[in-house]
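got a predicted structure plus its sequence, pasted below:
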Amino acid sequence: MMTEKNTTKLFKARLEKGYTQARLARLSGVSVHTICKLEQGALKIENAKLSTVTALAYTLGVSIWKLLDDWQMSEQLRRVST
């Protein structure tokens, strides 16, 4: 079980929406396997495909930036994209 210390922002956003991993997968088109890896930290969301992160953010009704776990990385990406 995940503790507060090691929960990802994706995990928190999914729980806030009240979705199971299976429901998020069905609605977003992202596999349950990928969602599981992202939530467990086996795959860092900053290293996931942009299309994957976009689909998850759109389905959860949040910005892409809210899902990024590495704040410094998200700030660098935000500066590059503006």
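Cool, the structure landed.

dump the residue contacts of the residue nearest to the spatial centre of the chain.
The centroid of the chain falls nearest to L10 when counting by CA atoms, centre = their mean (3.6 Å). Taking CB atoms under 8 Å, 6 or more residues apart in numbering, we find L10 in contact with I35, L38, E39, I45, L56, L67. The way it works is simple: take the backbone N, C-alpha and C, and place the C-beta from them, glycine included.

pull the distance from the strand or helix carrying it to the chain's centre.
Applying DSSP states H and E as the criterion places L10 in helix 9-17. Averaging C-alpha positions (CA atoms, centre = their mean, to the nearest Å) puts helix 9-17 8 Å from its chain's average.

mean confidence for that helix?
Averaged across helix 9-17, pLDDT comes to 95.

could you measure from K66 over to H33?
Using CB to CB, to the nearest Å, K66 is found at 23 Å from H33.

more neighbours: these two, which one.
K66 (14 against 11; other CB atoms under 10 Å).

who's in contact with that one?
The neighbours of K66, taking CB under 8 Å, 6+ apart as the test, are K9, A13, A57.

tell me where the chain is predicted with low confidence.
Within the chain, the stretches with pLDDT under 70 are 1-6, 70-82.

ok, now with 50
Filtered on pLDDT under 50, the chain yields the residue ranges 1-2.

how about the helices in it?
9-17, 21-28, 32-40, 50-60, 64-67, 71-81 (DSSP state H).

which positions in stretch 56-69 come out as buried?
L56, A57, T59, L60, V62, I64, L67, L68, D69 (16 or more other CB atoms under 10 Å).

and Q40, how far is that from G61?
23 Å.

er, L38 I mean
The spacing between L38 and G61, counted by CB to CB, is 17 Å.

go on, A55?
12 Å.

same deal with C36?
Note on C36: its distance to G61, by CB to CB, is 21 Å.

now V30
15 Å.

again with E39
Going from E39 to G61 by CB to CB gives 18 Å.

for G41, same thing?
From G41 to G61 the distance is 23 Å (CB to CB).
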